[in-house]
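Q: Need a 3D model of the following:
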Amino acid sequence: MPVRTAILTLLLLCSSAAAWAQPRAAAPGPTTGTALPIPTPVGDKRFQAWLNQGREALGRKDVPTALKAFEDAFRYSPKPVLLYFLGKVAQEQQRSAAAFDLYRRYLEATLDEADPELRADALQLLQAPHEVGCEVTVQGDGGALLSVDGRLAGLLPLATPLRVTAGSHQLLLEKGRRRVETQVTLAPRRQAEVRFTLVPPLALVTLTPGVLLTTQPSPLEPSLAQAVRRTVSEAAGQQNAVLVSPETQADVLASRPELLGCLDQLRCQEQLAQQTAAQFALRLSIGAPGLPSDKGPKKGTSFQFSGELLDVDVGVVSVKATQTCGDCNLKRGMQMLADMVQEMLRQAASRPRGTIKLTSEPPGARVEVDGRDLGETPYLRDAFVGPHDVVVQKPGFVAQRLVATVEDGQTAELTTTLAADKAAPGRKLPGVRIAKWVLLGVGAVTVIGGVTLLALTGSQNCSGPAASPVCGQPFDGRPSGIPLVTIGSLALATSAVLFVYDARQSAAATATPTASAAVGTVVHF
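A: From the prediction side, this is the model:
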């Protein structure tokens, strides 16, 4: 019996000691919204002090103090739970995109180990509607701290891309005393990749090109239009590009309604693409006698796709392609379209290019490259490798024709001095445009006055054998109308001559040298 009692006593003592050794859950501290539990202490008093300080500051709405405390804790020990609290600070600062990004990465880092209440609070924001954002993939030295616009955003390597708002953002990577900083500017729904190296300190930014899609005829049958857009979007994604959304395109057209009526012209496609920050403008012409069924081929149904891919940086059509699918269903037709679009984007991205730099004296002259008006001097723009016909012209000067030979990755620099055009309108007769209107007015008034006087002196017979001896002489103190009619007629005749002269000079001034049209690469399948 004493032995049994001793054993029971020993077991009770061991269980009490084990219970005493378990860490006690801290009482919920103040925070925004509902009270959230403080995570179980990790055995580091300094880390726990910063964490508690930040939570208390959030509870009293002292956001700057909370942000500093959480960032100090993250720099000291970058635990995933701090991503949640940094997201909480971003939410208080009305930075919804940053809060979305931090909450999302907190859940991805903790998975099923996330605190249930913290997880529920993060999911509530993630599931709420949010503004259109952009994604930035960041590559760099593991263990380096990443800051976006002056605020800590995480520790490399990041499991998922950053989610940021459209616009310009400052990215900073730091590890120890080494720091690298760069800026990235993104359009809505656009993607980018930033590669950092700390030694040497470099940052390479690669923007995902955007593709603007326009179709002919417009509008397409709804189900076909949806299939085409989805197919082109997936094909662009396969080539590391992104399709400009219909919402973005509609917003630009609402602010630039003059572009609606000319989207079949390269000039308007280029302007629309520039407004949406797209690198390529894809114009598809689709011929489909009838919408086929996915269940199988429909007799007599065929698709014909014709595409032109405008390179916005260069300003000319880079690639053209055609594809025909006879007696095929919608699925087969879209697969052929996807293959065509991918090949066009692949060729456009790999086509070598350089730059044309052109200055003129005087500046402000229009520049045509291969027949397209692409800007004015001083001129600086990308061009594909090879020779290009360049025409430089300015009113009052003789147009100059040059040849620019562009090499891969090189800049072809051209300089020209425009000579004054001696035959330009207004050079020999600077007052022609004024004189023709003055003579027209004087002649009209004089003729009208002369006719009026002739009517008043009409009783004088100035013809035949019975002509009055005072014919053409003053009558009752009034002058005769014949001299006025004669002078007015001369003035009108002179005005007519000046009108013809000025019209011919203007026509000669507007005539421009012809240049060869831009030729793109043609793809056949």
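
Q: Next, the residue nearest to the spatial centre of the chain: phi, psi?
A: Centroid-nearest residue in the chain, with Cα atoms, centre = their mean: residue 277, separated by 1.4 Å. Dihedral angles of residue 277 (phi, psi; degrees, to the nearest 10) stand at phi 60, psi 30.

Q: Isn't it up against residue 192?
A: No - in this structure residue 277 lies outside contact range of residue 192 using Cβ atoms under 8 Å: 11.6 Å. C-beta: built from backbone N, CA, C; applies to glycine.

Q: quick one on the thing from earlier: just give the nearest non-adjacent residue to the residue nearest to the centre of the chain, would you?
A: Excluding the flanking residues, the one nearest residue 277 by Cβ to Cβ, 6 or more residues apart in numbering is residue 187, at 3.5 Å.

Q: same deal with residue 89?
A: Nearest non-adjacent residue to residue 89, counting by Cβ to Cβ, 6+ apart: residue 67, 4.8 Å away.

Q: what number of residues lie near that neighbour?
A: For residue 67, the neighbour count with other Cβ atoms under 10 Å is 22.

Q: List the buried residues in the helix or strand that it is a member of.
A: Assigned by DSSP states H and E, residue 67 belongs to helix 63-76. For helix 63-76, burial by neighbour count (16 or more other Cβ atoms under 10 Å) applies to 63, 66-74.

Q: how far is it from where the chain is centred?
A: Relative to its parent chain, helix 63-76 has a centroid offset of 37 Å by Cα atoms, centre = their mean, to the nearest Å.

Q: So for the following helix or strand past that helix, mean pLDDT?
A: Using DSSP H and E, the helix or strand that follows helix 63-76 in sequence is helix 81-92. For helix 81-92, mean pLDDT is 93.

Q: could you dump helix 81-92 to CSV, C-alpha only?
A: What follows is helix 81-92, C-alpha atoms only, in CSV (Å, rounded to 0.1, in the frame of the first residue of the first chain):
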residue,chain,number,x,y,z
VAL,A,81,2.2,37.0,-38.3
LEU,A,82,3.7,40.4,-38.8
LEU,A,83,2.5,40.4,-42.4
TYR,A,84,-1.1,40.4,-40.9
PHE,A,85,-0.4,43.3,-38.6
LEU,A,86,1.4,45.3,-41.3
GLY,A,87,-1.7,44.6,-43.4
LYS,A,88,-3.9,45.9,-40.6
VAL,A,89,-1.9,49.1,-40.6
ALA,A,90,-2.3,49.5,-44.4
GLN,A,91,-6.0,49.0,-44.0
GLU,A,92,-6.1,51.8,-41.4
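
Q: Quick check: residue 147 vs residue 244, distance?
A: Separation of residue 147 from residue 244 (Cβ to Cβ, to the nearest Å): 30 Å.

Q: Looking at the two, which has the bigger crowd around it?
A: More crowded of residue 147 and residue 244, by other Cβ under 10 Å: residue 244, with 27 against 17.

Q: give me phi/psi at the more buried one?
A: Torsion angles, degrees, to the nearest 10, at residue 244: phi -60, psi 130.

Q: now do the one 5 residues further on
A: Dihedral pair for residue 249: phi -60, psi -40, per degrees, to the nearest 10.

Q: For the helix or strand where residue 180 lies, buried residues please.
A: Assigned by DSSP H and E, residue 180 belongs to strand 178-186. Buried residues in strand 178-186, defined by neighbour count with 16+ other Cβ under 10 Å: 180, 182, 184, 186.

Q: Also stretch 51-60?
A: Neighbour-count burial for stretch 51-60, counted by 16+ other Cβ under 10 Å, picks out 51-58.

Q: So, low pLDDT: which residues of the stretch 301-450 of the chain?
A: Along the stretch 301-450 of the chain, the model assigns pLDDT under 70 to residues 301, 423-431.

Q: Show me the helices in it, by range?
A: Counting by DSSP state H, counting those that start in this stretch, the segments of the stretch 301-450 of the chain that form helices are 330-350, 432-456.

Q: cool, and the stretch 51-200 of the chain?
A: 63-76, 81-92, 96-110, 116-126.

Q: what's the helix of greatest length in the chain packed up against?
A: Longest helix in the chain by number of residues, with DSSP state H as the criterion: helix 482-510. Packing partners of helix 482-510 (3 or more Cβ pairs under 8 Å, 6 or more residues apart in numbering; DSSP states H and E): helix 432-456.

Q: surely residue 330 meets residue 227?
A: Yes - in this structure, residue 330 is within contact of residue 227 by Cβ under 8 Å, at 6.2 Å.

Q: Residue ranges of each domain in this protein, please.
A: 24-130, 137-208, 211-350, 353-421, 424-454+474-516 (automatic domain parsing).

Q: ok now the first one, how far from the chain's centre?
A: This means domain 24-130. The answer for domain 24-130 is 36 Å, by Cα atoms, centre = their mean.

Q: what does the shortest one give?
A: Remark: domain 353-421 is offset 25 Å from the chain centroid, using Cα atoms, centre = their mean.

Q: Was I right to think residue 412 contacts residue 403?
A: No - look at residue 412 against residue 403 with Cβ under 8 Å: they stay out of range, at 9.6 Å.

Q: Look at residue 102 and report its pLDDT.
A: We note a pLDDT of 93 for residue 102 in this prediction.

Q: now it: how far from residue 338?
A: Distance from residue 102 to residue 338, counting by Cβ to Cβ: 36 Å.

Q: With residue 441 instead?
A: Separation of residue 441 from residue 338 (Cβ to Cβ) stands at 68 Å.

Q: now do residue 364
A: From residue 364 over to residue 338 the distance is 45 Å, taken as Cβ to Cβ.

Q: Looking at the two, which one has more neighbours?
A: For residue 364 and residue 338, the more surrounded residue by other Cβ under 10 Å is residue 338, and the numbers stand at 18 against 9.

Q: Secondary structure element holding the nearest residue to the more buried one once chain neighbours are set aside?
A: Excluding the flanking residues, the one nearest residue 338 by Cβ to Cβ, 6+ apart is residue 235, at 4.4 Å. Here residue 235, judged by DSSP H and E, is contained in helix 222-238.

Q: other SSEs contacting the following helix or strand past that helix?
A: Using DSSP H and E, the next helix or strand after helix 222-238 towards the C-terminus is strand 242-243. Counting contacts by 3+ Cβ pairs under 8 Å, 6+ apart, strand 242-243 packs against strand 210-216, helix 222-238.

Q: Dump the C-alpha coordinates for the last one into CSV.
A: Listed next in CSV are the C-alpha coordinates belonging to helix 222-238 (Å, rounded to 0.1, in the frame of the first residue of the first chain):
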residue,chain,number,x,y,z
PRO,A,222,-21.6,38.1,-78.7
SER,A,223,-20.7,34.4,-78.2
LEU,A,224,-18.0,34.7,-80.9
ALA,A,225,-16.7,37.9,-79.5
GLN,A,226,-16.3,36.3,-76.1
ALA,A,227,-14.5,33.3,-77.5
VAL,A,228,-12.2,35.5,-79.6
ARG,A,229,-11.2,37.7,-76.6
ARG,A,230,-10.7,34.7,-74.3
THR,A,231,-8.5,33.0,-77.0
VAL,A,232,-6.4,36.0,-77.7
SER,A,233,-5.9,36.7,-73.9
GLU,A,234,-4.7,33.1,-73.3
ALA,A,235,-2.4,33.3,-76.4
ALA,A,236,-0.9,36.5,-75.1
GLY,A,237,-0.4,35.0,-71.7
GLN,A,238,1.6,32.2,-73.3
